[in-house]
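**Student:** sequence and predicted structure below; questions after.
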Amino acid sequence: MFSICRHPISACGSALFVSGCTSLLVAFAGCGGTEQLYADTAAVTGAVTVGWSAPADHATLSGTATLAVTGANLVNVEFFQGSTMIARAQVAGDHRSATASFDTTRLADGPISLSAHAWNSPAGTPFTSEADAGVRALLVDNTVAVGTVTVGWSAPADQATLSGTATLAVTGANLVNVEFFQAGTMVVRAQVAGDHRSATASFDTTRLADGPISLSAHAWNSPAGTPFTSEADAGVRALFVDNGGSGGSDNGGSGGPESRLPWHSGASTDDLAAFETWRGHKLDVFETWPNRGNWAEIRNPDIYGAVSAFHGRAGTLAIGIAMLPEDKSGNFAICATGAYDQYYKDIGSKLVSLGRGDAFVRLGWEANGNWYAWSIGSDAKSYINCFRKQVTALRSTAPGVRIDWNMNKDSHITGSVADAYPGDAWVDVIGVDFYDAWPAYPTQSAWDGDYDATQNGGPRGIGSWLAFAQAHGKPLSLPEWGLSNAGDGGGGADDPLYIQNIFSFLQTNAAHIAYEAYFNLQDAGFIILPAGKNPNGSAKYKSLF
């Protein structure tokens, strides 16, 4: 155990964050290496206050529990079990609240104590104020309850009006995991009482538009993500949200996820049905890339059945549409004159005629790379003008499509990728393809150190991409993500930690995620079904998704 500037820390193979210190490399006895302590930016002034809001003292936790605090001038909030940091919170933009997900299944059943500490500066930077929230005495119980599940609503009443933060509550028998849903999308997981007879959750209605909503509740006799022997529905509550006209969500999905995840989850794979059967949940999103050799192929996205192959399949299509053909018969400057508009009007018409007028259109995906005909290179201005023209043409015949400005995490262009952003009026979703490569994330410290990384003033780490999307009022997508066990020195090999970190990121930021899709195609280094080169990553994905 070491005391470094701020508080006692014990960790090995973990990311450490020290406030009030410069960036450090610290060697820990028995760890076999060094740990990176890194700094962030954007402190606030004013005294920190912080107090627990969830879970209640002496509560029983199971599955994935939500840890939450409220206060003032919060910038960095960390939760501890003893002296070991177990989670860093996601802090709200007004610096008044923070939440984190805590996987209790990693712990043995029994009593635990958790504490929370807050600072008015990011991890690793000088601070002027800090405060403790005190200690919560809690009980972990991930034992499968014996007996049949029964569950029914206790609050709110049917036809009730909700505002602000509402309490959702059920009672029953043998409750271990209880989840509340709005139109098929999980909105919150409940805190279950120690006797397994009741469960409650706080529901922030300010994220919703005013008007009627329907909520349902479902209960299982095992923690989330584990085998169960009984489940039951509480039925539907017809409710009304009235927050005086404020609120609304930035989640870009259409309808409720069939995946039972709190975001729209998908994959690109040769056999969608087999992938669904293997992972045990439906796919909400599926992907395709029509041919792009010449304009005749681009203007008809179904020329070889790339779209009609999904006829009758429920869910949302994410389609990669090229901005320029591979035969080099076009360029951004000509595109900006409107010369190619008709091609994109044809694309929109075809998508509508095939029942995919609500598709996510990944127009010119990974344009900040240097491997496609539509790479931005050094001409961001012409690229932007072309992108805007094509979006306008697409929307003229397919007004329901959602334009995904989909970049690669790492840029290979002159200047910043932020300078190539076409503008909010031409974008519905901001996407980033985020593989475990260039850089890879073999350790937690590697992931944490890259989380908020920037490149030439634009986003590069997954946290900076999320921040960029939020700054523009757009949901974030991960249209392509996955292992990269290619053996070329740039990938992260068979890395279950990367899978876990992507899942945790999605779970923490579910309200801001449009969709994600695992890339299970092309090379054995990416593929997790069949497991092949990636048995550990495959098992981790299956256990989480």
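**Tutor:** Received, thanks. Residues are numbered from 1 along each chain as shown.
**Student:** mind listing what's buried in stretch 81-95?
**Tutor:** Neighbour counts over stretch 81-95 (16 or more other CB atoms under 10 Å) mark M85, I86, A87, R88, A89, Q90, V91, H95 as buried. Yep, even glycine has a C-beta here, placed from its N, CA and C like the rest.
**Student:** who touches stretch 85-96?
**Tutor:** 9, 11, 14, 16-17, 44, 67-80, 97-102, 114, 123, 508-509 (CB atoms under 8 Å, 6 or more residues apart in numbering).
**Student:** other SSEs contacting the helix ranked longest in the chain?
**Tutor:** In the chain, assigned by DSSP state H, the helix with the most residues is helix 380-397. Here helix 380-397 touches helix 332-335, helix 341-353, strand 360-363, strand 402-408, going by 3 or more CB pairs under 8 Å, 6 or more residues apart in numbering; DSSP states H and E.
**Student:** so which of these is the most packed in?
**Tutor:** strand 360-363 (a mean of 28; mean count of other CB atoms under 10 Å).
**Student:** where does the stretch 151-300 of the chain dip in pLDDT?
**Tutor:** 183-184, 225, 245-256 (pLDDT under 70).
**Student:** what about the contacts of stretch 85-96, which are in helices?
**Tutor:** T508.
**Student:** filter the contacts of stretch 85-96 to the buried ones?
**Tutor:** 9, 11, 14, 16-17, 44, 67-80, 97-102, 114, 123, 508-509.
**Student:** so what pairs up with E287 in the strands?
**Tutor:** Beta bridges link E287 to A318 when assigned by DSSP bridges.
**Student:** thought it was touching F275?
**Tutor:** No: proximity of E287 to F275 does not meet the contact threshold set by CB atoms under 8 Å, at 11.8 Å.
**Student:** common neighbours of the two, please.
**Tutor:** By the contact definition CB under 8 Å, 6+ apart, E287 and F275 are jointly contacted by A267.
**Student:** can I see the domain layout of this protein?
**Tutor:** 2-140, 150-241, 265-544 (automatic domain parsing).
**Student:** how about those domains, which one is nearest E258?
**Tutor:** Between E258 and the domains of the chain, the shortest separation by CB to CB is 3.8 Å, and it involves domain 265-544.
**Student:** about what we covered before: more neighbours: which of E287 and F275?
**Tutor:** E287 (25 against 21; other CB atoms under 10 Å).
**Student:** the closest residue to A54 other than its chain neighbours and A59, how far apart?
**Tutor:** Distances taken as CB to CB, 6 or more residues apart in numbering place A68 nearest to A54, at 4.2 Å, with adjacent residues excluded. Distance of A68 to A59, given as CB to CB, to the nearest Å: 12 Å.
**Student:** cool, and P122?
**Tutor:** With CB to CB as the criterion, P122 and A59 are 30 Å apart.
**Student:** for stretch 207-214, how far is the first residue from the last?
**Tutor:** Terminal residues of stretch 207-214 lie 15 Å apart, using CA to CA, to the nearest Å.
**Student:** how about it: buried residues?
**Tutor:** For stretch 207-214, by 16+ other CB under 10 Å, it's L208, D210, I213.
**Student:** can you check stretch 454-465 too?
**Tutor:** Going by neighbour count (16+ other CB under 10 Å), the buried part of stretch 454-465 is T454, Q455, G458, P459, R460, G461, I462, G463, S464, W465.
**Student:** and the fourth one, what does it touch?
**Tutor:** By that I understand P459. P459 neighbours (CB under 8 Å, 6+ apart): V417, A418, V432, W465, A467, F468.
**Student:** make a markdown table out of the helices and strands packed on helix 380-397 and add mean pLDDT and distance to A517.
**Tutor:** Output for the helices and strands packed on helix 380-397, formatted as a markdown table (pLDDT from 0 to 100; distance: least, CB to CB, whole Å):
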| stretch | mean pLDDT | distance to A517 |
| --- | --- | --- |
| helix 332-335 | 97 | 27 |
| helix 341-353 | 95 | 18 |
| strand 360-363 | 97 | 10 |
| strand 402-408 | 97 | 11 |
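**Student:** let me know the pLDDT of the residue lying closest to S416 once chain neighbours are set aside.
**Tutor:** The shortest distance from S416 to any non-neighbouring residue, by CB to CB, 6+ apart, is to G458 (3.7 Å). In this model, G458 is scored at 95, pLDDT.
**Student:** still on that earlier bit, the residue nearest to A54 reaches T99, doesn't it?
**Tutor:** Yes: the criterion here is CB under 8 Å, and A68 meets it with T99 at 4.5 Å.
**Student:** now the helices and strands packed on helix 380-397 as TSV including distance to G423?
**Tutor:** Supplementary listing: the helices and strands packed on helix 380-397 in TSV, determined by distance: least, CB to CB, whole Å:
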stretch	distance to G423
helix 332-335	16
helix 341-353	17
strand 360-363	13
strand 402-408	10
